[in-house]
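S.K.: Okay, here's the prediction I keep looking at, along with the sequence it came from:
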Amino acid sequence: MAALALWTVRPLECKVRRETVKSVLEPDEVVVRAEWSGISRGTEALVVHGRVPASEHERMRGPHMAGSFTFPVKYGYSSVGVVEAAGTAASALVGQCVFCLHPHQSRFVVSASSVHVLPRSVPAHRAVLAPNLETAINIVWDAGISLGDRVCVVGAGVVGLLVAFLASRVPGTTVSVVDPQDRSPRLEALEIVNGDDGDFDVVIHASGNPAGLETCLALAGDEALVVEASWHGDAACTVHLGQAFHSRRLTIKSSQVSQLPPSRRPRWDYKRRMALALSFCADSRLDCLLEYPPLEFPQDDNSESAEVFARAYTQLLTPGPHGLCYRIRYAST
């Protein structure tokens, strides 16, 4: 079987390449025909710009990534599609709509254990938010947000807004969101009402801008927790820890989705966390995070549409103000 996949061949240059997908399956393998994939702008921008530090190459490898971060590389981790065929041990999955941590590709073969069946209440177009929800869940866990906390999220990208959305569901919390861009319509759609303007119990940094951490420290109350949830790749992040930082006894804690918080590890695994993330995707309010129209994945690697698509994808990953969750839609054939 033939498939098309998006590759970054060198910094800021992407191409659609034809690949062969094997037709003889192992008993536990499935063929997935993609319908949607989500673009994670923060991480994919670092990959496309060649800014993944060598020290993080192994940790940053996606489950089904191909190539290397020194290029060429096939990267991405939010694919939703339908199981077209399966080995003898996975035949029950045929026809099911599933999520997989797979790069942007029209059709692919993976083990049955790599796919997650979507709940009936979750539409395929919204399920691309699952990896960002996983990240947001981990951040909320790491932050230890509890009843009545005053919470501030600095950075109103997809992850930041999802953190605010989850935190606002904890009874008694007040949640504020700080961002240079006006996200008022999105906050209203998510039913988030900006609360306090300082002296926060928990401040979460999700802007991706090194300067944002300074903002977090200024907003934190005495003895407060600041969670650094941004990943800056190879960029230096300068933080001034003089003045009142020590006398106010502030704590800075990192959060990263690749590891479950220690307090959760005895009873949680990645599969259970993904199931929770997918269950949250049933909430139609999250549609406000999706940008329209989606990018259309080409059906021919040598077509003009393939070049237009590759350029559009690259443009989305350039610095500057952008929207929220951009998606790729795949043809049904």
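M.R.: Nice, thanks for sending it over. In this text, all values refer to a predicted model and were calculated from it rather than measured experimentally.

S.K.: use CA for all of it now, contacts and neighbours both
M.R.: Fine.

S.K.: Where does the prediction get shaky in the chain?
M.R.: 333 (pLDDT under 70).

S.K.: And the helices in it?
M.R.: Assignment of helices within the chain using DSSP state H yields the ranges 41-48, 57-60, 124-127, 130-143, 158-167, 184-189, 212-219, 270-280, 304-316.

S.K.: ok, how many other residues are close to Asn138?
M.R.: 23 (other C-alpha atoms under 10 Å).

S.K.: show me the residues around it that make contact.
M.R.: The contact partners of Asn138, by C-alpha atoms under 8 Å, 6 or more residues apart in numbering, come to Ser255, Gln256, Val257, Leu260, Pro261.

S.K.: tell me the phi and psi of the fourth one?
M.R.: Listed backbone geometry of Leu260 is phi -70, psi 140, with angles given as degrees, to the nearest 10.

S.K.: Let's have the contacts of Asn138 in a markdown table, adding distance to Phe297 and neighbour count.
M.R.: Listed next are these as a markdown table, based on distance: C-alpha to C-alpha, whole Å; neighbours: other C-alpha atoms under 10 Å:
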| residue | distance to Phe297 | neighbour count |
| --- | --- | --- |
| Ser255 | 33 | 24 |
| Gln256 | 30 | 16 |
| Val257 | 28 | 16 |
| Leu260 | 34 | 20 |
| Pro261 | 37 | 17 |
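
S.K.: wait, which of those is closest to Ala167?
M.R.: Ser255 (15.5 Å; C-alpha to C-alpha).

S.K.: wait, that closest one sits on Trp231?
M.R.: No: Ser255 is beyond contact range of Trp231, at 9.3 Å (criterion: C-alpha atoms under 8 Å).

S.K.: what do these two both touch?
M.R.: Counting by C-alpha under 8 Å, 6+ apart, nothing touches both Ser255 and Trp231.

S.K.: what about Ala236, how many residues close to it?
M.R.: Ala236 - counted by other C-alpha under 10 Å - has 8 other residues nearby.

S.K.: Spit out the contact partners of it.
M.R.: Pro210.

S.K.: give me the number of residues near Tyr292?
M.R.: 11.

S.K.: how near is it to Ala92?
M.R.: 34 Å (C-alpha to C-alpha, to the nearest Å).

S.K.: got a list of what the spatially most central residue of the chain touches?
M.R.: Geometric centre of the chain, nearest residue: Asn132, 3.4 Å, by C-alpha atoms, centre = their mean. For Asn132, the contact set (C-alpha under 8 Å, 6+ apart) comprises Ser40, Val158, Val159, Leu162.

S.K.: Can you tell me the closest non-neighbouring residue to the second one?
M.R.: Leaving aside its sequence neighbours, Val158 sits nearest to Leu324 (C-alpha to C-alpha, 6 or more residues apart in numbering; 5.6 Å).

S.K.: now Ser91: how far from Pro53?
M.R.: Applying C-alpha to C-alpha to Ser91 and Pro53 gives a distance of 41 Å.

S.K.: Just the buried ones from the contacts of Asn132?
M.R.: Ser40, Val158, Val159, Leu162 (16 or more other C-alpha atoms under 10 Å).

S.K.: In terms of distance to His205, which of those ranks first?
M.R.: Val159 (10.1 Å).

S.K.: I'd say the closest one and Ala206 touch.
M.R.: Yes: if you go by C-alpha under 8 Å, Val159 and Ala206 touch, sitting 6.9 Å apart.

S.K.: And the contacts of stretch 184-194?
M.R.: Contacts of stretch 184-194 (C-alpha under 8 Å, 6+ apart): Leu161, Ala164, Phe165, Ser168, Thr174, Val175, Ser176, Val177, Arg285, Leu286, Cys288, Leu289.

S.K.: what's the answer for stretch 15-22, then?
M.R.: For stretch 15-22, contacts defined as C-alpha under 8 Å, 6+ apart pick out 1-9, 107-109, 301, 306-307, 310.

S.K.: any idea which of those is closest to Trp36?
M.R.: Checking the contacts of stretch 15-22 one by one against Trp36 (C-alpha to C-alpha), the nearest turns out to be Arg107, at 11.1 Å.

S.K.: Can you tell me the closest non-neighbouring residue to the closest one?
M.R.: Per C-alpha to C-alpha, 6+ apart, closest to Arg107 is Arg33, 4.5 Å.

S.K.: quick one: that neighbour and Thr88, what's the gap?
M.R.: Taking C-alpha to C-alpha, one finds Arg33 at 18 Å from Thr88.

S.K.: And for Asp222?
M.R.: For Asp222, the distance to Thr88 - C-alpha to C-alpha - is 60 Å.

S.K.: And for Thr173?
M.R.: 50 Å.

S.K.: what do you get for Phe280?
M.R.: For Phe280, the distance to Thr88 - C-alpha to C-alpha - is 32 Å.

S.K.: now Leu4
M.R.: For Leu4, the distance to Thr88 - C-alpha to C-alpha - is 26 Å.

S.K.: what's the answer for Glu304, then?
M.R.: 40 Å.

S.K.: will you turn the helices of the chain into TSV that also has distance to Ser68?
M.R.: TSV is the format used below for these (distance: least, C-alpha to C-alpha, whole Å):
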stretch	distance to Ser68
helix 41-48	10
helix 57-60	8
helix 124-127	27
helix 130-143	21
helix 158-167	26
helix 184-189	36
helix 212-219	30
helix 270-280	24
helix 304-316	18
